[in-house]
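>>> just coords:
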RNA sequence: CGAGCCGGCCGGACGGUCGCGGGGCCCGGGCAACCGGGCCUCGAGGAAAGUCCGAGCUCCCUGACGCAGGGUAGCGGGUAACACCCGUCCGCCGCGAGGCGAGGACCAGCGCCACAGAGACGAGUCGGCCUCCCCCGGGAGGCCGGGUGAAACGGGGCAAGCUCUACCCGGAGCAAGGCCGAAUAGGAGGGCGAUGCCGGGCUCAGCCCGGCGCAGGUGCGUCACCGAGCCCUCGGGUAGGCCGCACGAGCCGGCGGGCAACCGCCGCGCCCAGAUGGAUGACCGUCGCCCGGCUCCGGUCGGGCACAGAACUCGGCUUACAGGCCGGCUCGUCGA
């Protein structure tokens, strides 16, 4: 059974991540991550207004969430991860976006060998 | 058949594998709060958009009247209300079906009237004639005329100019507003506390250092250590949570009234998104439509499928939009 994705909600969590997290960039996305001191990893997605209208921003955010969901078994626990979409992410296919997220998570060093898929 | 006008409607379909939000029922654990699981069901739009009008609903303002400010504008009707809708009159446009119209009042006042024209709204005079004055070239007054123009010593036009008239309008908005409410700090009341003692120092009504005592410090006992405050109650507020928040001027069908907008009755008909860092998704297959290439005309390959995403809820308006369906009507051509 896959663990449901937990998303960041409290403004204080965002502020903490902004202050203590490290970020890695790619032409499509930026990933900011930091330790949260918990036994699980929490996520947040940012799709700013400069990407386009509500439909476009919704689509990008939903794709990112789906990508993270599919990747969840390979992500180490104990992190807060913020994924920021950049304008170029609007036009690319699902797998291009997934590869970009994967590369940045790898550069953060928070990918692990796939746990026993339950 | 070809041009065109009006009204209404749809706006990809079906299936599979993972996934998300709401609601209901059931099972297991637990005193409970709650935790874990299963099944069923619902889950974006005609514009959800712009936030331009009108309301409901909240809170604020003692009430009434007036002023200021804003809005509406033939007439009649519909409606909770409207700037919306329907009917109708008038004006303009179109051969026509039809379309468009801020369509009350300039004998209350102010203001403006392009171009042309000498002159355009109390000021000026292009030409001719008459009278008068005089320094003989002009001046003053009067009459007539051509031309310009929508309109000329004289009667108009304009209120999407001010204004006047009639009628309407309090303000802010669901981040409205209501309830619950930690931790920490501070407030009020009450209770329990050695309300200390000794020595030393200093910049000496006090402060600092050391020792002994003492409430309290873990639910209790003992030991060690810390040690001047500790405990209870109340009220306000913050983080956070809940309500508002999904049954309504609701939808569907039938009958009746009305030219219509719309209204009434009936069914014991239907329940139709409720997120809150914000669910409604990802991938795949089949079919449909559009574009392009190849073609043995059977197909086949590749790409695309609009505008656009609920945020308190309704009624409108406006704007965006690939493609398509249905109905009524007009004009033209041909045939009967």
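Right, received. Where do you want to start? Here the structure is a predicted model, which is why all the values come from computation and not from measurement.
>>> what does chain A put close to RNA strand B?
Residues of chain A found near RNA strand B (CB under 7 Å from any atom of the strand) are A:1-2, A:4-5, A:7-11, A:14, A:44-46, A:53-55, A:58-59, A:61-63, A:65-66, A:69, A:93-94. Every C-beta, even on glycine, is put in place using the N, C-alpha and C of the backbone.
>>> For residue A:35, which non-adjacent residue is closest in space?
Once flanking residues are discounted, residue A:35 sits nearest to residue A:78: 5.9 Å by CB to CB, 6 or more residues apart in numbering.
>>> low pLDDT regions in chain A?
Chain A contains residues with pLDDT under 70 at A:1-4, A:113-118.
>>> so where does the residue nearest to the spatial centre of chain A fall, helix or strand?
Compute the mean C-alpha point of chain A, and by CA atoms, centre = their mean the closest residue is residue A:83, 3.9 Å away. Using DSSP states H and E, residue A:83 maps to strand A:79-85.
>>> wait, doesn't residue A:22 sit right on residue A:35?
No. In this structure, residue A:22 is not within contact of residue A:35 by CB atoms under 8 Å, at 10.2 Å.
>>> could you check the angle strand A:79-85 makes with the lengthiest helix in chain A?
When chain A is parsed with DSSP state H, its longest helix is helix A:54-71. Angle of helix A:54-71 versus strand A:79-85, following axes from the mean of the first three to the mean of the last three CA atoms, to 10 degrees, is 140 degrees.
>>> What residues sit buried inside helix A:54-71?
A:56, A:57, A:60, A:61, A:63, A:64, A:67, A:68 (16 or more other CB atoms under 10 Å).
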